[in-house]
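# Here's my sequence, what's the structure:
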Amino acid sequence: MQLSSKILLGMALGIVVGLTLNVISDGSGSGPLTAWVVEYIFDVVGRIFIASLKLLVVPLVFVSLVCGSAAMGENVKMGRIAFKTLALYLFTTAVAITIALTLANIINPGIGIDTTATATYVAATPPSFKDVLIGIFPTNPIQAMSDGNMLQIIVFAILVGVAITQAGAAGKSTLAGFQTFNEVIMRMVTILMHLAPFGVFCLLAKLFTQEGFTAIFNLALYFMTVTLVLIIHAGAVYTSIFSFFTRLNPLTLIKNMRPAMLFAFSTSSSNATMPITMNVVEKRVGVDNSIASFTVPLGATINMDGTAIMQGVATVFIAQAYGLDLGLSEYLAVIATATLASVGTAGVPGVGLIMLSMVLQQVGLPVEGIGLIIGVDRLLDMMRTVVNVTGDGMVTTVVAKSEGLLNEDIFNEVSDRDEYSSPQHNS
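Next up, the predicted model:
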């Protein structure tokens with residue numbers, strides 16, 4: 001059985017076991033035996049698995065990006081790649097929220113919602129644009145790595161890579177050391193992926209034991225609207241952009257991205273999935289490391305199409321629930337705010353709801369309305385993370401193809417075999 005099939009089996013078993021325990025404990029997930037199993041088995045194994053993924057993020061991004069930027073050679077080439085990547089990420093985010101606003105106004109998920117039972121939500125204060133711009137540049141790279149500040153790590157890694165290319169013989173020996181270390185880290189990723197089915201099982205078993213499907217029933221129309229837009233964006237927008245720019249089969253891309261998508265669904269975190277995403281786009285999709293090492297970390301940080309979709313639907317939902325009308329100017333403000341906020345709130349925990357609070361404040365909607373959707377946000381977060389990661393892979397492949405750094409033999413063939421039994425590396 002291939003690894004992706006094992007992960008899929010672990011997901012299915014986790015959901016079944018979780019729902020079974022939820023039913024046994026009368027929908028609360030808090031019976032004595034159930035609580036012990038969830039707390040000391042599912043939670044422990046799941047949190048160790050997530051911690052192991054996060055352990056690899058910073059060293060992988062830093063070392064891989066140093067190697068990639070050093071391999072670029074020309075600073076002009078790096079600037080061109082950065083422009084293409086950022087433009088594609090912002091464009092797809094703007095399209096995502098536009099589709100979300102359009103379909104939400106057609107479906108009207110918020111009409112008839114009772115706002116008296118709103119849960120408490122206190123919006124965190126987002127950083128200003130000035131602070132975001134200054135904060136991209138690190139004053140202490142060690143602290144940036146300790147804090148997991150991905151934008152600062154990216155900037156520092158690029159500077160190190162550029163310096164290596166200009167350091168002559170010393171630079172060549174330093175680069176050789178980084179390349180060796182990169183091979184070791186990628187091997188660690190491969191080892192961890194073989195343990196993934198067990199971690200995925202425990203994560204989903206815990207989630208569905210505690211959540212069940214009760215929350216979905218209460219907000220079914222909102223849940224289905226967000227889900228529909230996510231499917232349309234991934235299935236139509238991404239495939240159209242990919243086909244137009246690469247002339248390759250988008251279904252092959254989705255098939256090759258499957259392991260990363262399954263990880264994203266299980267972890268609900270683009271950052272935690274980042275080591276897997278980078279491994280997948282290099283070994284299954286065929287993207288050269290010099291491209292993947294830059295586009296994937298940047299995408300995991302600022303590419304939030306799934307989150308933008310949630311914001312668009314949630315904005316319409318909350319406006320309808322409170323009986324407030326939004327005009328064209330407000331909708332344009334939502335599109336602009338959500339698109340730019342995807343960069344501005346990149347390093348903030350709980351980014352999805354913070355971005356939503358910014359959008360609601362921009363158009364004068366009550367921020368406490370976020371409490372209406374908190375009940376299903378965790379389940380929707382799983383699906384929108386899949387969209388985010390798929391978008392990272394799509395943009396990475398498009399940029400690699402445009403630069404002549406996509407191995408189409410790997411792209412067309414690697415999906416037919418188990419890529420982790422004997423790891424391969426791009427030259």
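# only C-alpha atoms for contact and neighbour calcs from this point on.
Fine.
# pLDDT below threshold where in this structure?
By pLDDT under 70, the weakly predicted segments of the chain are 26-31, 73-76, 114-129, 132, 214-216, 218, 342-351, 414-427.
# Point to the residue nearest the middle of it.
Closest to where the C-alpha atoms of the chain average out (Cα atoms, centre = their mean) is Ser270, at 2.9 Å.
# Just to check, that residue is in contact with Ala300?
Yes - taking contacts as Cα atoms under 8 Å, Ser270 lies within contact range of Ala300: 5.2 Å.
# and stretch 391-406, C-alpha only, in PDB?
As requested, C-alpha coordinates have been extracted for stretch 391-406 and formatted as PDB (Å, rounded to 0.1, in the frame of the first residue of the first chain):
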ATOM      1  CA  GLY A 391      -2.500  26.800  -4.200                       C
ATOM      2  CA  ASP A 392       1.100  26.700  -2.900                       C
ATOM      3  CA  GLY A 393       1.800  23.700  -5.100                       C
ATOM      4  CA  MET A 394       0.100  25.200  -8.200                       C
ATOM      5  CA  VAL A 395       1.900  28.600  -8.000                       C
ATOM      6  CA  THR A 396       5.200  26.800  -7.400                       C
ATOM      7  CA  THR A 397       4.800  24.600 -10.400                       C
ATOM      8  CA  VAL A 398       3.700  27.500 -12.600                       C
ATOM      9  CA  VAL A 399       6.700  29.600 -11.600                       C
ATOM     10  CA  ALA A 400       9.100  26.600 -12.100                       C
ATOM     11  CA  LYS A 401       7.700  25.900 -15.500                       C
ATOM     12  CA  SER A 402       8.100  29.600 -16.600                       C
ATOM     13  CA  GLU A 403      11.800  29.500 -15.500                       C
ATOM     14  CA  GLY A 404      12.500  26.100 -17.200                       C
ATOM     15  CA  LEU A 405      13.100  24.500 -13.800                       C
ATOM     16  CA  LEU A 406      10.300  21.900 -13.900                       C
END
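# Tell me who's in contact with the residue nearest to the centre of the chain.
When the contact criterion is Cα atoms under 8 Å, 6 or more residues apart in numbering, the partners of Ser270 are Ala264, Ala300, Thr301, Thr385, Asn388, Val389.
# What is the longest helix along the chain packed up against?
Secondary structure of the chain per DSSP state H: the longest helix is helix 75-107. Helices and strands touching helix 75-107, by 3 or more Cα pairs under 8 Å, 6 or more residues apart in numbering; DSSP states H and E, are helix 220-232, helix 289-302, helix 305-321, helix 328-344, helix 374-402.
# and the shortest one, how far from the chain's centre?
In other words, helix 220-232. Distance of helix 220-232 from the chain centroid (Cα atoms, centre = their mean, to the nearest Å) equals 18 Å.
# and the angle for that helix with helix 75-107?
The directions of helix 220-232 and helix 75-107 differ by 140 degrees, with axes from the mean of the first three to the mean of the last three Cα atoms, to 10 degrees as the criterion.
# buried residues in helix 220-232?
Judged by neighbour count (16 or more other Cα atoms under 10 Å), helix 220-232 contains these buried residues: Leu221, Tyr222, Phe223, Thr225, Val226, Thr227, Val229, Leu230, Ile231.
# got the contact list for that helix?
Under the contact criterion Cα under 8 Å, 6+ apart, helix 220-232 has outside partners 99-100, 103-104, 107, 109-110, 216, 306, 309-310, 313-314, 317, 376, 380, 383-384, 387.
# export it as PDB, just CAs?
Written as PDB, here are the backbone C-alpha positions of helix 220-232 (Å, rounded to 0.1, in the frame of the first residue of the first chain):
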ATOM      1  CA  ALA A 220     -25.500  23.800   7.700                       C
ATOM      2  CA  LEU A 221     -26.100  26.400   5.000                       C
ATOM      3  CA  TYR A 222     -23.000  28.500   6.000                       C
ATOM      4  CA  PHE A 223     -20.900  25.300   6.100                       C
ATOM      5  CA  MET A 224     -22.100  24.100   2.700                       C
ATOM      6  CA  THR A 225     -21.500  27.600   1.100                       C
ATOM      7  CA  VAL A 226     -17.900  27.800   2.300                       C
ATOM      8  CA  THR A 227     -17.300  24.200   1.200                       C
ATOM      9  CA  LEU A 228     -18.800  24.800  -2.300                       C
ATOM     10  CA  VAL A 229     -16.600  27.900  -2.900                       C
ATOM     11  CA  LEU A 230     -13.500  26.000  -1.700                       C
ATOM     12  CA  ILE A 231     -14.300  23.200  -4.200                       C
ATOM     13  CA  ILE A 232     -14.900  25.600  -7.000                       C
END
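# out of the buried residues of helix 220-232, who's nearest Leu133?
Among these, Leu230 lies closest to Leu133 (Cα to Cα), at 29.9 Å.
# Thr85 against Thr397, yeah?
No - in this structure Thr85 lies outside contact range of Thr397 using Cα under 8 Å: 10.3 Å.
# The two: who's more crowded?
Neighbours per residue (other Cα atoms under 10 Å) separate Thr85 from Thr397, with Thr397 holding more: 29 against 24.
# the helices in the stretch 151-300 of the chain, which residues?
168-194, 196-211, 214-218, 220-232, 239-246, 250-256, 258-267, 270-283, 289-302 (DSSP state H, counting those that start in this stretch).
# and the longest one, what other elements does it pack with?
Using 3+ Cα pairs under 8 Å, 6+ apart as the contact criterion, the elements in contact with helix 168-194 are helix 43-72, helix 150-165, helix 270-283.
# Now do the contacts for Val389.
Under the criterion of Cα under 8 Å, 6+ apart, the contact list for Val389 reads Ala260, Met261, Ala264, Ser270, Thr277, Gly299, Ala300.
# that older thread, turn the helices and strands packed on helix 75-107 into JSON lines, columns for distance to Gly352.
Supplementary listing: these in JSON lines, determined by distance: least, Cα to Cα, whole Å:
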{"stretch": "helix 220-232", "distance to Gly352": "14"}
{"stretch": "helix 289-302", "distance to Gly352": "12"}
{"stretch": "helix 305-321", "distance to Gly352": "6"}
{"stretch": "helix 328-344", "distance to Gly352": "9"}
{"stretch": "helix 374-402", "distance to Gly352": "9"}
